[in-house]
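Q: need the 3D shape of this:
(one chain, ligands or ions: 1)
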Amino acid sequence: MTSRIMGTGSYLPELAVTNDDLAKIMDTSDEWISSRTGIRQRRLVKDETTAFMASEASKIAIKEAGIRAEEIDLIIVGTITGDYVTPSTACEVQAAIGAINAAAFDVNAACTGFMTALHTAYAYMAAGIYTTALVIGAETLSKIMDWDDRSTCVLFGDGAGAAIVKKDETGLISLVQGSDGEKGLNLCCKNRGNHHPFIEGDLHTYYTEMNGQEVYKFAVTKVPQCIMEVLEQGNVTAEEVKYFILHQANMRIIQSVAKRLKVSEDKFPISLDTCGNVSAASIPILLDKVNKEGLLKRGDKLVLAGFGGGLTWGATVIEW
Ligand code: UT7
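A: Model (predicted):
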């Protein structure tokens, strides 16, 4: 017994900010951003929250799966930008959609968050604990960007993607995931520091910092490696895979992965050009895009693969 994706949904904020828009407020250019990353615009929130975007994406996925919210017994959100420390985004979504019978919690695996959430849902189902999960990646990254740091703020965007996952005979074929905490500070956003009346408090607000070149080297090595591993584990060849749905961080990383796997770039759909890097939301947003374009049919094999802060990585082979 495994688990299968039965419906997908996504939500992107209305506000589209192009590279040229950014060039008006900081020392950057469309040429620099698009040639190094492939990103041309990103969507940024105005008054939307992480939970709102997650809930809107979920409603679409629930409708497509043809289920009622009450049937959902598990909600997992991959996010590093929840609206509250507590309640979790998953609990906020539960209330917003009326999934009264669900257990709900968030996972923090940065850009690998959706993969970790999906794998967790799968493990619960394989153990016979739950049958119908709502798995979400949702981020409001704009609020943890230093808008004076052009090396990071131009890369990221806001949005959410969701999938309904049900216990089934077919679906998830194999998975790998891992982490390398020793390299964690190459992509980090520090939390509030220690603060209480008996010490000098640290009330500084911290923003995202990244050693881009180290993360780049990590990605172009680890992503093809974990994809080869997950294909071998699932006894599936790269040729059999219809699409590789990768975390959308950088077009050059995706091209490098395609080359290492000796697979045509046509098998790597893209959303980073219009959405930027949406961390945990990147993979479900892209999956929903491919699904809504009618490019998937029952039995198609897909690889989903994410990597990012932690440092973390995760990949899965699924049958649609
Ligand atoms: O999901 C998270 C995963 N993150 C990633 O996958 C990121 C992986 N890394 C990368 O994609 C690339 O390292 C970046 C796109 C982030 C940066 O590209 P790079 O070729 O590594 O650039 P760099 O950091 O070495 O910077 C080159 C130059 C520097 O100027 P100098 O020192 O050579 O004069 C930067 O100050 O580019 C400058 N620069 C910019 N110039 C214009 C940095 N950011 C910008 C900018 N616009 N936005």
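Q: quick one: the residue in the stretch 1-150 of the chain that the ligand sits nearest to from residue 125, how far?
A: Residue of the stretch 1-150 of the chain nearest the ligand, by Cβ to the nearest ligand atom: residue 28 (3.4 Å). For every residue, glycine as well, the C-beta is placed using N, CA and C. Using Cβ to Cβ, to the nearest Å, residue 28 is found at 45 Å from residue 125.
Q: swap in residue 94?
A: Counting by Cβ to Cβ, the gap from residue 94 to residue 125 is 18 Å.
Q: pull the contacting residues for the closest residue to residue 208 other than its chain neighbours.
A: Spatial nearest neighbour of residue 208, chain neighbours left out: residue 189 (4.5 Å); criterion: Cβ to Cβ, 6 or more residues apart in numbering. By Cβ atoms under 8 Å, 6 or more residues apart in numbering, the contact set of residue 189 is 80, 144, 206-209, 309.
Q: residue 153 and residue 144 touch, don't they?
A: No: Residue 153 is beyond contact range of residue 144, at 10.0 Å (criterion: Cβ atoms under 8 Å).
Q: show me where the protein has its helices.
A: Shown for the chain, the helices assigned by DSSP state H span residues 19-23, 30-37, 50-65, 89-97, 113-126, 150-153, 212-234, 251-261, 272-275, 282-292.
Q: dump these to CSV, plus mean pLDDT.
A: Shown next, in CSV, are the helices of the chain (pLDDT from 0 to 100):
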stretch, mean pLDDT
helix 19-23, 98
helix 30-37, 98
helix 50-65, 98
helix 89-97, 98
helix 113-126, 97
helix 150-153, 97
helix 212-234, 97
helix 251-261, 97
helix 272-275, 98
helix 282-292, 98
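Q: now distance to residue 240 and mean neighbour count too, for those, in a markdown table please.
A: Listed next are the helices of the chain as a markdown table, based on distance: least, Cβ to Cβ, whole Å; neighbours: other Cβ atoms under 10 Å:
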| stretch | distance to residue 240 | mean neighbour count |
| --- | --- | --- |
| helix 19-23 | 37 | 17 |
| helix 30-37 | 30 | 16 |
| helix 50-65 | 25 | 24 |
| helix 89-97 | 34 | 24 |
| helix 113-126 | 20 | 25 |
| helix 150-153 | 37 | 17 |
| helix 212-234 | 9 | 18 |
| helix 251-261 | 12 | 18 |
| helix 272-275 | 25 | 22 |
| helix 282-292 | 17 | 25 |
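Q: for these, which one sits closest to residue 314?
A: helix 113-126 (3.4 Å; Cβ to Cβ).
Q: picking that back up, now which of the contacts of residue 189 would you call buried?
A: Buried residues within these, defined by neighbour count using 16 or more other Cβ atoms under 10 Å: 80, 144, 207-208, 309.
Q: in the stretch 101-250 of the chain, what residue comes closest to the ligand?
A: residue 212 (2.7 Å).
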